[in-house]
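**Q** Would you be able to build a 3D model of this:
(2 chains)
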Amino acid sequence: MTSRVFEVFRRERAGAPMQHAGSVVAPDARFAEIYAREQYGRRGESEALWLVPREAVGEIDEFVDEFDLKYRRVDGYSIKERLREARARAGTSLRDLPGGR
Amino acid sequence: MDGRTEEFLANVQSGGLVEAGDWMPDEYRARLTKFVEMHANSELMGVLPERDWILRAPTLQRKLALTAKIQDEAGHAQLLYRVVEDLGKPREACLDDLIAGRAKFHNVFHYPTKSWGDVGVIAWLVDAAAIISQKALLKCSYAPYARIMRKICWEESFHILHGRDIVLTLVTGTEGQRELVQEALDRWWKPLMMFHGNPIPAEDDPMVHWRIKSQANEEARQQFLEGYVPEVWELGLTLPDPELRRREDGTWEYTEPDWDELRAVVTGHGPASEERIAFRRLSREDVDWVSRTVLAEAA
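**A** Just a heads-up that it's a prediction; the model follows:
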């Protein structure tokens, strides 16, 4: 019997997301639990732990933007120039309008 | 240097982070593995001088606090050996190298402890010196190491307080208790001044080049002096270096440590090196049945 790697996730306090904390090496899930309790929970620093065998973790680390989908993001828009132009055409200034700054 | 390595170097030098599964040049992996392994060994060996004092702690509260600190340090070794394992070197191989005297650990753990005063000075000042290096490692280009360092730094902060509390209790006690602290400081000052290593300029340090480390040795030592010498002096204690003084520009002057002694000590020729390694060897043999039982039971 050889040991396996278990990835450890921890929730710091109620309502916080589970975050990857590190990993432990253990011969089985029972020992992994004992080790994880000691290493990631003994100081009351975690509200809950998740243990996942490393081979059960699927990783995706490539996100190709083939169709240039930047219109879905805030940085996909640049309105500064056109706003200035629109104000010039209308002859307005935000400062002079009611509620304006 | 091939193109891929050049690209990797440019990335880490400009703040890029490396994860365990990422490709990395052999030199980076080798230097990083050796560095983290040395750190792990230091945590593991660092519990031995303090372990000697569990049974001799003056009160139950001190005994419990010391035990908790020792458990933390042993836990740090566990966390760090995990980082080393993911870099490709099994923990068993690290421990084999350690007990065979082939691996290094920090200079301060090669010296004996003589009194309860040493326990206070170690927890306060050795841990303070260590936390300075460890805080700088939060910026390490190898992200799994940097993340573990966050947890370690959080735990170390209680150790410094525990040490300072011991020292404060002793200096506000009897003349004899105060003497214990002064003698301990006199013993530990030289090793403490060597702790951060000889002053290699950052631009010549390959560890800085690969952004494994981001702080030059001398910078760490200056930070230690600036932070802790005044705290020692304010207790009416002295430090055994007649050259020690703060210059106008805020940097500290001190007697150049004997770097040959540092080299000799970390290669296993310190006053307690042999005894400590022998103890680690003995305890490994002693608990071997536990590993065998655990593995057999789980099978």
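**Q** confidence score at A:E45?
**A** A:E45 is assigned a pLDDT of 91 by the prediction.
**Q** er, A:V74 actually
**A** Predicted confidence (pLDDT) at A:V74: the value is 85.
**Q** With A:M1 instead?
**A** Looking at A:M1, its pLDDT reads 58.
**Q** And the strands in chain B?
**A** Along chain B, counting by DSSP state E, strands occupy B:245-246, B:252-253.
**Q** list the helices and strands the last one packs on?
**A** Think strand B:252-253. Using 3 or more CB pairs under 8 Å, 6 or more residues apart in numbering or on different chains; DSSP states H and E, the elements in contact with strand B:252-253 are helix B:217-233, strand B:245-246. C-beta here means a position set from N, CA and C on the backbone, and glycine is covered the same way.
**Q** same thing with the first one?
**A** In this structure, strand B:245-246 makes packing contacts with strand B:252-253, judged by 3+ CB pairs under 8 Å, 6+ apart.
**Q** Other residues contacting the strand it packs on?
**A** Contacts with strand B:252-253, where a contact means CB atoms under 8 Å, 6 or more residues apart in numbering or on different chains, come from B:Q222, B:L225, B:E226, B:V229, B:E243, B:L244, B:R245, B:R246, B:R247.
**Q** partners of it in the sheet?
**A** Partner strands and pairing direction for strand B:252-253 (DSSP bridges) are strand B:245-246 (antiparallel).
**Q** Specify the helix with the largest residue count in chain B.
**A** The helix of greatest length in chain B, counted in residues with DSSP state H as the criterion, is given as helix B:143-171.
**Q** ok now that one, how far from the chain's centre?
**A** The gap between where helix B:143-171 is centred and where its chain is centred comes out at 11 Å by CA atoms, centre = their mean, to the nearest Å.
**Q** by how many degrees do that helix and helix B:217-233 diverge?
**A** Regarding helix B:143-171 and helix B:217-233, their directions subtend 20 degrees when assessed with axes from the mean of the first three to the mean of the last three CA atoms, to 10 degrees.
**Q** For helix B:143-171, enumerate the helices and strands it packs against.
**A** The helices and strands touching helix B:143-171, judged by 3+ CB pairs under 8 Å, 6+ apart, are strand A:19-26, helix B:60-86, helix B:116-121, helix B:127-136, helix B:175-194.
**Q** List the buried residues of that helix.
**A** By neighbour count, and taking 16 or more other CB atoms under 10 Å in any protein chain shown as the criterion, the buried residues in helix B:143-171 are B:144-145, B:147-149, B:151-152, B:155-156, B:158-160, B:162-164, B:166-167, B:169-171.
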